[in-house]
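> model this:
(one chain, ligands or ions: 2)
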Amino acid sequence: MMTPGTAVKTFTMDGKPFSATEEETILDVARENGIDIPTLCHLEGILPTGQCRLCMVEIQGSGRLVPACATKPEEGMDIITDNPRLRNYRKMIVELLFSERNHICAVCVSNGHCELQSVAQRLGVNHVRFAYLHPRFMLDGSHPKYEVDHNRCILCGRCVRVCEEIEGAHTRDLRNRGIRTMVITDFDTPWGESPTCTGCGKCVHVCPTGALAEKGKSVAEMAKRRHFLPYLAMRRRGGK
Ligand code: SF4
Ligand code: SF4
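Ligands and ions are numbered 1, 2, ... in the order given. Model prediction:
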């Protein structure tokens, strides 16, 4: 929201003039104006990290690619949100996500409610040009209400951030690097034995795929509910 005295940046996006306050990112401005930039790691209410790289936009002149969720527009910037180069990179990122783990939609509890699946459809990903790695990760069903299937994780980090920033439990974290990265609970404790987890389920409902799910839900029944995020984030910042 713009308050009196707020510095305003003016810039262009896809050839049209826009303005933004110092707090707003390129993604904020795009969403406010109905410009669709895909992302899998970003959620309103938790800190942006630019982790998935899907929201890359191009800065005209320099040719630089920057993550729209973590970049603030600068005065005079000329931003391109969609062109063949960006579409190609975004498709490639989604294909790499599919090839890294085992995303078998037909037997996934999130089939029909999965953000990876819908982004792939929107970008026209109908085949994967990279070799599938077919890792064999475990499913942790030790929690009474929830389960985690690492085969369906895209390492977006949403669960880690919501657990820390909104729930304040910091139960989750990431271990290792690159394709060996894993989401862990505490010091790699089975989820059901975690001394810090409150069982709130926030991580489950922000997960974009079927990696985190409620037990007892059938395929396509596991719709995510995350309307709580902006409200709780505002309360934690002391807003009314
Ligand atoms: S259920 Fe709540 S406390 Fe437990 S890991 Fe998920 S977000 Fe953190
Ligand atoms: S478990 Fe879900 S929310 Fe957490 S990093 Fe993996 S895909 Fe993202």
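> where does this protein dip in pLDDT?
Within the chain, the stretches with pLDDT under 70 are 1-6, 220-222, 232-233, 235-240.
> helices of this protein, start to end?
Along the chain, the stretches classed as helices by DSSP state H are 26-32, 84-100, 115-123, 158-165, 202-206, 228-236.
> other SSEs contacting the fifth one?
Applying 3 or more Cβ pairs under 8 Å, 6 or more residues apart in numbering; DSSP states H and E, one finds that helix 202-206 contacts helix 158-165, strand 212-214, helix 228-236. No exception for glycine: its C-beta is placed from N, CA and C like everyone else's.
> tabulate those in TSV, adding columns for mean neighbour count and distance to residue 104.
Shown next, in TSV, are the helices and strands packed on helix 202-206 (neighbours: other Cβ atoms under 10 Å; distance: least, Cβ to Cβ, whole Å):
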stretch	mean neighbour count	distance to residue 104
helix 158-165	22	21
strand 212-214	22	14
helix 228-236	15	29
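> out of those, which gets nearest to residue 25?
Nearest of those to residue 25, taken as Cβ to Cβ: helix 228-236 at 14.8 Å.
> looking at the helices and strands packed on helix 202-206, which is nearest to ligand 2?
Closest to ligand 2 of the helices and strands packed on helix 202-206 is helix 158-165 (Cβ to the nearest ligand atom; 3.3 Å).
> do the closest one and ligand 2 come into contact?
Yes - on the criterion Cβ under 6 Å from any ligand atom, helix 158-165 is in touch with ligand 2 at 158, 159.
> report the distance from that helix to the chain centre.
11 Å (Cα atoms, centre = their mean, to the nearest Å).
> contacting residues around the residue nearest the centre of the chain?
The centroid of the chain falls nearest to residue 41 when counting by Cα atoms, centre = their mean (1.4 Å). Residues in contact with residue 41 (Cβ atoms under 8 Å, 6 or more residues apart in numbering) are 48, 49, 50, 51, 52, 54, 69, 156, 157, 158.
> looking at the residues you listed, which are in strands?
The members of those all map outside strands under DSSP state E.
> from those residues, pick the one nearest residue 101.
Nearest member of the contacts of residue 41 to residue 101, counting by Cβ to Cβ, is residue 156, at 12.2 Å.
> so how far is ligand 1 from the closest one?
14 Å (Cβ to the nearest ligand atom, to the nearest Å).
> please parse this protein into its domains.
Domains of the chain are assigned by the TED database as 9-82, 108-237.
> does ligand 1 have contacts with the shortest one?
Put plainly, it is domain 9-82. No - counting by Cβ under 6 Å from any ligand atom, ligand 1 has no neighbours in domain 9-82; the shortest distance is 11.2 Å.
> who's in contact with the nearest residue to residue 202 once chain neighbours are set aside?
Distances taken as Cβ to Cβ, 6 or more residues apart in numbering place residue 162 nearest to residue 202, at 4.8 Å, with adjacent residues excluded. With contact set as Cβ under 8 Å, 6+ apart, residue 162 has these partners: 43, 46, 202, 203, 206, 229.
> repeat for residue 145
199, 201, 214, 215 are the contacts of residue 145 under Cβ under 8 Å, 6+ apart.
> verify the stated contact: the second one with residue 207.
No - shown here, residue 201 and residue 207 do not form a contact pair, counting by Cβ atoms under 8 Å, at 10.3 Å.
> just to revisit the earlier point, so which of the contacts of residue 162 is the most crowded?
Within the contacts of residue 162, residue 203 tops the neighbour count with 26 neighbours, counted by other Cβ atoms under 10 Å.
> from ligand 2, how far out is that one?
Note on residue 203: its distance to ligand 2, by Cβ to the nearest ligand atom, is 6 Å.
> many thanks, I have nothing further to ask.
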